[in-house]
Every structure is written in structure tokens, then in C-alpha cells.
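Visitor: With the input below, show me the fold.
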Amino acid sequence: PVARNSAPAIAAAAILAEETNPGAILWIMPADSAISDVPGLHAALARAAAAAAQGRIVTFGMQPTAPETGYGYIESGPALDGLDGVQAIARFVEKPDLATAKDFLAGGRHLWNSGTFVARADTLLAELSNFAPEVVATVRGAMAGAQRDLDFIRLDPAPFAATPNISIDYAVMERTQNGAVVP
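Guide: Sure thing, here's the model as predicted:
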């Protein structure tokens, strides 16, 4: 009902999925994504879903082409055992300053965060509850008072308006030990 960034929106989706299947794997992506390599996307999604099934929150990393300060950066860590093409996240940095972005580009170990995530609903809610409990509490309140109208779920505006305005990047990805990246 009001703009509150990605963490509350993702919390609402995870709570909705939790109602029927807590282990549901969610694919979370911006509305303006442009993906031209559909077979490559399917392969990356398969790798991400396998990691998500094991409790990872996976983001897709894009090879940077410039020291961009408007994107989050992912420092790739070691490969994850048994998960071909998936690496741990050594560090997640949301929108660095220009000097840091230049260092990341020169170092060759950093990828841009695509803003696209794959994770189990229960994993997302556990990490949000751990790092941003006020987001989960207020979104649960908005879900409890939601009105269902045909195929629409209209969240209760008062509790949702009280939800912190925070991205999933700041709320979870910079803090979690369960992050993974698929380049």
C-alpha cells in the first residue's frame, strides 16, 4: 500500500509462500530485468535453486564494466561443495563510494549484484527475523489484516506504513552467513 523498499516486499512474499509451503523456493527479481540469454538464465536458476534448497540466499553476480556506485558489489568467496557454479559470498557491499568501486573493479574479485535472488521462504524469514525483526513483525501485521479481492491481496496499510524502509541488501545480504552467488 506504500513504498517501503525490497525487504518488506520480499517478507510479504515469503510470508504468503509460508502459508502453503515454507520450503518453497522463491525467485525474486526487479520488474525491469532484461535477460537475453534464456538458456543461460535457466542454467543459472538451476544452480541457484540447488543452493537455495540447502538454505542459501543466492544472488546473481554480473561482471562489472565500470566503477559503478549505484550497484551493490559481491566479493566472491570459495566454491561451495557439491554446488557446481555456486560460490560463497565473502562480502556484500551495497553501493560503495567511487574510490571503493574503482578498487573493486581493479581487484577482479567483485561482481555487481543483479538484485535478483533465489531462496527458500523459510530461510528468508529466518534471516529477516534475525537481522530485521521489525520488518517481519510489521509485515505480518499487514498480512493479518489483508483483504483478498479476486486474485489480489491488499495488505493492511497502517501496519505496512510502519514497516522500516529498507532494502534486502542492507537488511540481510550484508549480514548473512548464508549468502551465495552464481556468476
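Visitor: Where does A46 sit, in terms of helix or strand?
Guide: Assigned by DSSP states H and E, A46 belongs to helix 38-53.
Visitor: Give me the helices and strands touching that helix, please.
Guide: Using 3 or more CB pairs under 8 Å, 6 or more residues apart in numbering; DSSP states H and E, the elements in contact with helix 38-53 are strand 25-28, strand 57-62, strand 110-120, strand 179-182. For glycine as for every other residue, the C-beta is placed from the backbone atoms N, C-alpha and C.
Visitor: Need the winner for burial among these.
Guide: With neighbours taken as mean count of other CB atoms under 10 Å, those reach their highest mean count in strand 179-182, at a mean of 26.
Visitor: What are the contacting residues of that one?
Guide: For strand 179-182, the external contacting residues (CB atoms under 8 Å, 6 or more residues apart in numbering) are 44, 47-48, 51, 56-61, 74, 76, 80, 83, 85-89, 92, 111, 173.
Visitor: Among these, name the buried ones.
Guide: Listed as buried from these are 44, 47-48, 51, 56-61, 74, 76, 80, 83, 85-89, 92, 111, 173; burial here means 16 or more other CB atoms under 10 Å.
Visitor: got a list of what E94 touches?
Guide: With CB under 8 Å, 6+ apart, E94 has these contacts: 72, 113, 167, 169-170, 173-174.
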